[in-house]
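> Below are the sequence and a predicted model for it; my questions follow.
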Amino acid sequence: MMLMTTAPETTDLASDAPEPREVEAFRSAILGKLRYMVAKEPDYACDHDWLIATSLAARDRVIDRWSHSTRRTYRDGRKRVYYFSLEFLIGRMLFDALANLGLAGAARAALAELGVDFDRLRELEPDPALGNGGLGRLAACFMESMATLGIPAHGYGIRYDHGIFRQVLKDGWQHEMPEEWLAFGNPWEFERSEVIYTVGFGGRVEEIVDTDGTHRTVWHHAETVNAVAFDTPIPGWHGRHVNTLRLWSARATDPLRLEDFNRGDHVGALANRVRLEAISRVLYPSDETTAGQDLRLRQEYFFAAASLQDLVRRHLAQHGELRSLPAHVSIQLNDTHPAIAVPELMRLLVDEYAIAWDEAWGIVTRVFNYTNHTLLPEALETWGVPRLESLLPRHLQIIIRINAAHLDALRAAGHGDDALMSSLSLIDERGERRVRMAHLAFIGARRVNGVSELHTELLRETVFRDFHALYPDRIVNKTNGVSFRRWLFQANPQLTSLLVDTVGKGVLDDVNRLGQFASFAEDASVRERFAALRRVNKVALARRVADCTGVRLDPDAMFDVHVKRIHEYKRQLLNIMQTIALYQAMRSDPHRGWVPRVKIFAGKAAAGYLRAKLVIKLIHDVARVVNGDPAVQGLLRVVFLPNYNVSLAEQIIPAADLSEQISTAGMEASGTGNMKLALNGALTIGTLDGANIELREHVGAGNFFLFGLTADEVTARRGAGLGTDDLIAASPTLAAVLAALDSGAFAADDPGRYRELVAALRYNDYFVVNADFDAYAAAQRTVDDRWRNRDAWWRTAIANTSNVGYFSSDRAISEYASDVWGLPTVVR
């Protein structure tokens, strides 16, 4: 069979070949937008002009369905879901919308008639910089699935001007630059200049007695900022329902102190505006300074307060009173960041709408639900009491009262043990008094969920152990899922074509039909076609890598992919150490019959996370040495692709042969990259961590390369001590890797660069990198053996793709609907 070596030609599977009249209609729509919205003639239009015109033409089709969905929701009085998240990593919108509406083929044909390359326009569209990693991408998948399943929903977040940051590598060091995703406007959003809410900070709280003897609490703000709504439509599959992503932009109420400006203080006149509008400038500003910590708390309260005012207004307009809120509203807190919404809703109900405290608390605890995404202490936010008192004084009062009622109820129930009370208190009294926001979210929620079976069990056993003992039915599991429309149908149209040709077009509407693909594992022609389409995707990625890094890759080598946020527990360090070991072995015995490998890394480190940045530098240093060594030419390549985002993931994932899911057991809540890669037929090497456990159960133990300590064994090893001299002495390979790092073999310009890192691995191996090293290396040898047996490899790839239907975000959202939000079970 001839193997294709050109870049993949995108196909459009959401609909059959477009009708000529449909193509003509879309062509006319594009030309109309080009003339009347972009003000350009076709002969003079540049690619960006065509992108805007095409996006606006597609947006019009979405708007019709959006309006219909909104009218239907109001007409039917259906319960709404409000999804609160600091991140929504939605990716490029144009092709996603066209594919979901079944118009991608018509758009492609219309543009071709106009002499415009549709795929070139797709590449030109910027990624909305509204998230960082899995948390934001999960929120985006869930929004699309809620629309697909017809669940009326609003996503609420912040419209970041510059997102997290644009990652630039200079000599291997990460530098953070502003992400200018809005530089040329965003044709998919609608500014709702009439939807503005005032959000206050600071000031004082006053108790007032009205003339009728009613006691009221009034919060007098020290300063306010306006929250302005920007709406983006989120269409579901086939466009049957469209939901709203509403993001808030911060606008100063007084944009310019004109008096100061006219005195000549032109900069000072804008200072207050700059400070207030910083709220929506950047996602996750560094919290290493007091100002940074204040800004993070301001961000969290800003979007929670604006969102609650908005949904309360909508509910009152439709239902006239707030006591019915739980019957019509379910709020999902996506991680701990929006937990301040709990006391804010109490403030609105009690202070603004005069509902009695106990009744208000009953409403709150039937409206909120809380998804926990991590066991890491830094993600389980706490805020110092002095900071809350300064920025949100009324909320601190409410939190203290919620805590007092909570502890009084425990005492009344006979749970008065001091240690237990201290553990369950919303306020940590040790040292500086701090409010535990995860505790607050738990107390305020009807349901609390983990995002994989292991993570949920660990929540019950560790973070919320004492809460779980008292509320055994509150914590439930909802394993994460991904949108197959985005991560298979759109990202890998060649594989989607293979699936349609083998199991039928029904697989596009029912992912459970993926299971039928398993029966084709013994069909040699199907295996060959799978291998051929993978090679096409690898050629395309190799071209991207060459353009980006100058490194040329062999598409016949194994593409070994590790793409995710850079963090010590995700263990990119373990991967690059094993790469060093492989390099040393190849140099020692170049004729051994090695499996050619390409190690592909991508991901961002938090701006203040110096150890993670050092790991990126190490990967760069190893790549420089390995890629420049003629002794391993054709055997090993190492590349790090900068500025990892949704669009880059859409190109890497379909080209991956091996998926690295090697986090320290017990530390990854779920992971969704593991699901996307397995869906596209990559084989997984991984630990028993997060959703890896369920993934292995579904694809079969023989189709998953398992290694490493279990979560219990990690805990036991930490308890026994973090030193690893015994492991190093017992492993010549590990010792050689550490010696090379310690001696500066990969850092000739600064031989001491990695000595502190080596010392940490030797004496403080908290993430069990050294402890898992030999098991990881052995598992990689097993991977090599499977790769050498090409038929076995592609049988395993088919087993992965065919057995991951469970990990659809549609399944996850259906479970949330029935078990958490109290909505009827949705059957598509």
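Cool, the structure landed. Numbering: from 1, shown residues only.

> By mean pLDDT, flag the weakest helix or strand of the chain.
Lowest on mean pLDDT, DSSP states H and E among the helices and strands of the chain sits helix 258-262, with a mean of 86.

> Show me what that helix is packed against.
helix 268-277 (3 or more CB pairs under 8 Å, 6 or more residues apart in numbering; DSSP states H and E). Using the backbone N, CA and C atoms, a C-beta is placed for each residue, glycine as well.

> So what touches the helix it packs on?
Here helix 268-277 makes contact (CB atoms under 8 Å, 6 or more residues apart in numbering) with 223, 225, 250-252, 254-261.

> related to what we said a few turns ago, starting at the chain centroid, how far to the least confident helix or strand of the chain?
How far helix 258-262 lies from its chain's middle: 44 Å, per CA atoms, centre = their mean, to the nearest Å.

> For stretch 235-254, measure first residue to last.
Stretch 235-254 has an end-to-end distance of 37 Å (CA to CA, to the nearest Å).

> in that stretch, what's buried?
Neighbour counts over stretch 235-254 (16 or more other CB atoms under 10 Å) mark 235-252 as buried.

> just stretch 380-389 next, same as before
Buried residues in stretch 380-389, counted by 16+ other CB under 10 Å: 380-385, 387-388.

> Ok, stretch 44-56 next?
Under the neighbour-count criterion of 16+ other CB under 10 Å, stretch 44-56 has 45, 49-56 buried.

> Likewise for stretch 650-669?
By 16+ other CB under 10 Å, the buried positions in stretch 650-669 come out as 650-669.

> In helices, which of these fall?
Secondary structure from DSSP state H places 650-652 of these in helices.

> so residue 638 makes contact with residue 629?
No. Counting by CB atoms under 8 Å, residue 638 stays clear of residue 629, with 10.8 Å between them.

> And those two? Which one has more around it.
Per other CB atoms under 10 Å, whichever of residue 638 and residue 629 has more neighbours is residue 638, with 25 against 14.

> same question for stretch 80-90, mean pLDDT?
The predicted model gives stretch 80-90 an average pLDDT of 97.

> Report the distance from that stretch to the chain centre.
How far stretch 80-90 lies from its chain's middle: 11 Å, per CA atoms, centre = their mean.

> got it, and stretch 441-450?
Relative to its chain's centre, stretch 441-450 lies at 21 Å (CA atoms, centre = their mean).

> same deal with stretch 519-526?
Computed by CA atoms, centre = their mean, the separation of stretch 519-526 from the middle of its chain amounts to 35 Å.

> Now the residue nearest to the spatial centre of the chain: closest residue in space, sequence neighbours ignored.
The centroid of the chain falls nearest to residue 134 when counting by CA atoms, centre = their mean (2.5 Å). Among residues not flanking residue 134 along the chain, residue 672 sits closest, at 5.2 Å (CB to CB, 6 or more residues apart in numbering).

> Do you know the pLDDT at the one you found?
We have a pLDDT of 96 for residue 672.

> what do you get for residue 12?
Residue 12 is given a pLDDT of 59.

> Ok, the one 10 residues further on next?
Residue 22 is assigned a predicted lDDT (pLDDT) of 95.
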